[in-house]
Each structure stands twice: as structure tokens, then as C-alpha cells.
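Chemist: below are the sequence and a predicted model for it; my questions follow.
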Number of protein chains: 2
Amino acid sequence: MIPADRQRQILSLVTQDKVVQVQDLSERFGVSVLTIRRDLDHLAEQGLVERTHGGATLRRSLPIEPAYAQKALEFPQEKRAIAEAAAALIDDGDTVFINSGSTTFEVLKALREHRITIVTNNIDAAWIANEEAQFRLVFVGGVYRTRSHSVSGGLSQPIIDQVYANKAIIGVDGFSLSAGLTTPVIEEAETTRRMIDRTVGKVIVVATGNKIGVLSNFSTVAATDIDVLITDDRGDKLLSRDELGDKDIELIIAR
Amino acid sequence: MIPADRQRQILSLVTQDKVVQVQDLSERFGVSVLTIRRDLDHLAEQGLVERTHGGATLRRSLPIEPAYAQKALEFPQEKRAIAEAAAALIDDGDTVFINSGSTTFEVLKALREHRITIVTNNIDAAWIANEEAQFRLVFVGGVYRTRSHSVSGGLSQPIIDQVYANKAIIGVDGFSLSAGLTTPVIEEAETTRRMIDRTVGKVIVVATGNKIGVLSNFSTVAATDIDVLITDDRGDKLLSRDELGDKDIELIIAR
DNA sequence: ATTATAATTCAAAAAAGTTCAAATATTATT
DNA sequence: AATAATATTTGAACTTTTTTGAATTATAAT
């Protein structure tokens, strides 16, 4: 039996019985208690169970198991670094628009301890708030899209229009100096555009290198409408400093 | 038995019997009174029980909201049955308002296969939608509250006001024929009231027996404003059929 | 005042963390 | 395809932490 399968079975035992014991599992699976402990630690890291002495329990805070931890595993280090760089630009007391996407999800994690107000369409932000984050969280409403774990569309505008934000942190599917910001879903583009419209301070775009120079289907805003671009080494190579200067975009390379 | 499991069982005994005694528990679990004391202290630290001489009691109903996690685990069978009964009242094509709470969360689960539009402030609905539910999900926006995993407040009204729903499924913290529906948070009350206002068809209240006859802090709507009440056997005993008839409320007992 | 309960300190037992080495699987290279 | 290099998984030996119950003293209830 491979570890992943054993852990999967352990998880299903936990959800079924609410509690499991290390000794028990060790006998049941015919492996040492040490292995079981490591399995439980592994599950606990992902937030799927809660470690206790002698075993583990179902996590009390989560009525159903989150699949969000497993996904969005592309370029994790780069995203983390970009997120940290973005968080460093945010001051306590700010009101910040944040749109959807796995990079902005990392930004939300990085903002956990900031005493700010976050206005977002990224529903996964609720997970972070549930774990004792310091920020105040406001969701814009709208139609929920499973693909992006976000809400968007015309319904969200009345709420966005009630807010003026100091800053906006925007994740994109494509960023190019000529075509600007682009996304594959028109509703997402509308919502993001509205957020940028209502931002009086800096508009910060976060994008891993694989998004740079890419053109998606729907245009959000032009490159001239943004103030800061945070990317990684790979993105750095694809950008012309001169052109960035022309468009008055500050470039930050996160490492 | 591991400590975590023993404490979990003690907690469920407390919620069931309202009071537990150290001696009692010591015998029942076959551990010393000292261990039981420590368990109770541990639970008291987390605010889950109240320590007394010789034992512990259920925490008095304070004006603050009970922790979400604790409520989610109470009366699971009853909630499931009530949720199934509520789902049976919903037809394909309906647009349904659903508010927050652990009972309505069960309703959302039960509606997984329905081809309907759900408008809700219950953010946990996203996790159900993520697992290939058939319904279309619309979130009203607003300030996110960790305690209830929901959004509420004035920001949500512009979105609710764009919707007319056929039905509303409403969870409550207190339901009494004289005082109507009550909740411990004023913003929740506002959002729920607005949902009921914008419902042209049946307003369905789902409430486990422990909510019947209970008065919370803020009034949502009067009992006359609702059409159907779904509860369990325990709730049944607390309700007068005559009074329900007077107020034109249909009663459904879920088993 | 008397009795039961609680707090405190301490020692034994169980469990968890740590470090290391062997076994196995995965990936890269020839 | 075969081999080497690397990473992962597993269990053993040992140390540290947590849990538990006994003995003793303090506190609360009737």
C-alpha cells in the first residue's frame, strides 16, 4: 500500500468516527506507530485533521473537507515570494481590493496579520478569515463560479461602487505591455475593471512569469492603468525596462 | 481511549444533559476524578462548558454567538431529516433564498442535485458548489463574519433587491409563536428580513427542537410572516397546533 | 464543623519529537 | 535499457513532552 492511499483511508476513518488512535491505525494498517504519526502530521498540515495526543480528530472548524489546499500548486515558491512582496506594500488601515486567482490567494494568506479591510470576490478568502486572520473581510456578491472559486458579474457592481479603496491587488491570466491585463472570463474582467476604477491609490498587479506576455480572451484594463507589477525572475526576462518606464509602471522582482 | 476523544464525549454529554458530575464521569470513563477535572478545565478554557463545583454545565446563553464549530455538531440526525424535508418542497427552476446557519447548511447539501438558483449569504455554500452541485449559486455580498461563516449587513441589500425569489428557506436561532424569528446578530436579522421581503412564494423556516420557544436578541420577522415550519419531534411537543393554525403556519415534522 | 471538591506537587507511564540508517521508489544520465 | 543519483518512506534508538494518578494541602458548600 502506498502512503497516499493509506492517508486517504485514514482521512475517511476520521470523518466517519470523528476520532482515530495512533495505536489502532498502526495495527490496522500493519505499520509502525511512527509511520501513522507521520501520516497524521501530514494530514494535519493540510488542515484536514487536528492532531491530538494519541491520535487525531476531525477538524472542528471545517464542516466539510477543503480541496483548496491540494490545488493551485504551480510555482508555489514564486507565488509565495510575490505575495510577500505585495503584502509589504500594504499598510495597516488600508482598504484593499483583491480579485480572484491562486496568486491573489497567496497574497490573502500573506496579509493574515494585517489590520486592514479587504474587499474581494475570492471566496477562498473565507478560509483564511476563519483561521483567525486580523483583517476585516468584505465579499462583493454575484454569481459563484466553481472554476475560479470566485463571484463576478453585474451583481457585484453595486457593492464595489460603495467602496473607494486605497490599493488594489490584481491577479491576471495574461499581462502584456501592449494588450494590458486579460482574463478568459468576461464577468471576471468586468469585476476586476470595476475594482480598478474604484481604487484611488496604487494598482498592484501580481503575476508569475508564465503570465507575462500572454494574451487571454477578454481585456480588463490597459497596462497604463496599473502602477506596480510584481513578478519573478522569469517574468523579469520578458519585460523591457524602457517600455515599463514609458508606461510609468514600477517593477518589483520577488525572490 | 485518548484524551481528545474523552473530552469530545464529555462535551456531547454536557450539551445533552446540561450538567455533568466529576464523580459520574470518572466512573463512566474509568479514569480518576483528577483526569476528569483536567478535562473539564480544558473544555472550560475553550469556552465550551462552564466549570462548577463537582462538575460542569452547559454555557449559559450569552448575548454573543456560539462558536460555529460547536453548533455544527449538534443534533446532526435531526438537521439532516429537516433538511431533506425542506429540499422536498423545492422544485426545479425555483429561485430560493437561503440564509446562514448550520441547519440551512444541511439544506444546501440536500439541494445538491436540484436544478435551481440559490441566493444566499452562507459562504459555506461554495464548498458544496465546488463538489459538482447542480444548482446555480449567487452570493449576496457584505461583511464576512467568521462566527457564522456568512456575510450580512447593509452592503448585501442592493443584491437582494435585484432578486425576487419563489421560496425562502430560513434558519433561526430562536423561534416562538409570540416573538417570531430572532437572531443574536442585528446584521443577520436585517439580511434575513430583506430576503423574506423579497420572497413571493413560501417562506420555510427550518429549526431543530432546541430553537423552538427560544428568544434571541434581535427580531427578524413575526411568526405570521412565515408559511411553513419544519422541525423535529422535540420541537413538535413545544408547539400548539391551534396557535399555528391561527397564524396560518403549516407544520412539518421531519423524522 | 464536617465533608466533599479543588489546587499543588511529584513520580510513573505513555506518547510524541529527534536523529539516524536501511529499504524503496523516482528521476536523471549514459 | 541499464545504471547511477536522488528523493521518499520506513522503522529503530533515544530524548523530551504530555498525560495520569497518588499524596498532600487548601478551599468551598451545607
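Modeler: Yep, it's here. Residues are numbered from 1 along each chain as shown, chains lettered A, B, ... in the order given.

Chemist: the helix ranked longest in chain A near DNA strand D anywhere?
Modeler: For chain A, the longest helix by residue count, based on DSSP state H, is helix A:3-17. Yes: judged by CB under 7 Å from any atom of the strand, helix A:3-17 and DNA strand D are in contact via A:3-4, A:6. No exception for glycine: its C-beta is placed from N, CA and C like everyone else's.

Chemist: now, which of those residues sits nearest residue A:97?
Modeler: residue A:4 (38.4 Å; CB to CB).

Chemist: what about the helices in the stretch 1-150 of chain A?
Modeler: With DSSP state H, counting those that start in this stretch as the definition, the stretch 1-150 of chain A shows helices at residue ranges A:3-17, A:22-29, A:33-45, A:76-87, A:102-110, A:125-130.

Chemist: tell me the angle of the fourth one relative to helix A:102-110?
Modeler: An angle of 60 degrees separates the directions of helix A:76-87 and helix A:102-110 when computed by axes from the mean of the first three to the mean of the last three CA atoms, to 10 degrees.

Chemist: list the buried ones in helix A:76-87?
Modeler: A:78-87 (16 or more other CB atoms under 10 Å in any protein chain shown).

Chemist: most widely separated two among these?
Modeler: Maximum distance among the buried residues of helix A:76-87 (CB to CB): 15.0 Å, for A:78 and A:87.

Chemist: near DNA strand C, which residues of chain A?
Modeler: Going by CB under 7 Å from any atom of the strand, the residues of chain A near DNA strand C are A:22-23, A:33-34, A:37, A:41, A:51-55.

Chemist: to chain B, which of the helices of the stretch 1-150 of chain A lies closest?
Modeler: Closest to chain B of the helices of the stretch 1-150 of chain A is helix A:125-130 (CB to the nearest CB; 4.8 Å).

Chemist: measure how far that closest one is from the centre of its chain, please.
Modeler: Chain-centre distance of helix A:125-130: 10 Å, with CA atoms, centre = their mean, to the nearest Å.

Chemist: just to revisit the earlier point, quick one: closest of the helices of the stretch 1-150 of chain A to residue B:28.
Modeler: Using CB to CB and comparing the helices of the stretch 1-150 of chain A, the one that lies nearest residue B:28 is helix A:3-17, at 19.4 Å.

Chemist: and that closest one, what's buried?
Modeler: By neighbour count, with 16+ other CB under 10 Å as the criterion, the buried positions of helix A:3-17 are A:6-7, A:10-11, A:13-14.

Chemist: one more: stretch A:186-193?
Modeler: So for stretch A:186-193, counting by 16+ other CB under 10 Å, buried means A:187-193.

Chemist: counting neighbours, what do you get for the residue in the stretch 101-250 of chain A positioned nearest to DNA strand C?
Modeler: For the stretch 101-250 of chain A, the residue closest to DNA strand C is residue A:234, as judged by CB to the nearest atom of the strand, at 17.9 Å. Residues near residue A:234, counting by other CB atoms under 10 Å in any protein chain shown, number 15.

Chemist: surely it and residue A:211 touch.
Modeler: No: here residue A:234 lies out of contact with residue A:211, judged by CB atoms under 8 Å, at a distance of 9.9 Å.

Chemist: for chain A, which spans come out with low pLDDT?
Modeler: A:60-76 (pLDDT under 70).

Chemist: hmm, back to that, ChimeraX command for the buried members of the residues of chain A next to DNA strand C?
Modeler: Buried residues within these, as defined by 16+ other CB under 10 Å, are selected in ChimeraX through the command that follows:
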select /A:22,37,52,54,55
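
Chemist: from the residues of chain A next to DNA strand C, pick the one nearest residue A:132.
Modeler: Closest to residue A:132 out of those is residue A:51 (17.7 Å), distances taken as CB to CB.

Chemist: give the full set of residues in contact with the closest one.
Modeler: By CB atoms under 8 Å, 6 or more residues apart in numbering or on different chains, the contact list for residue A:51 reads A:40-41, A:44.

Chemist: again, 6 Å this time
Modeler: With contacts defined as CB atoms under 6 Å, 6 or more residues apart in numbering or on different chains, the neighbours of residue A:51 are A:40, A:44.
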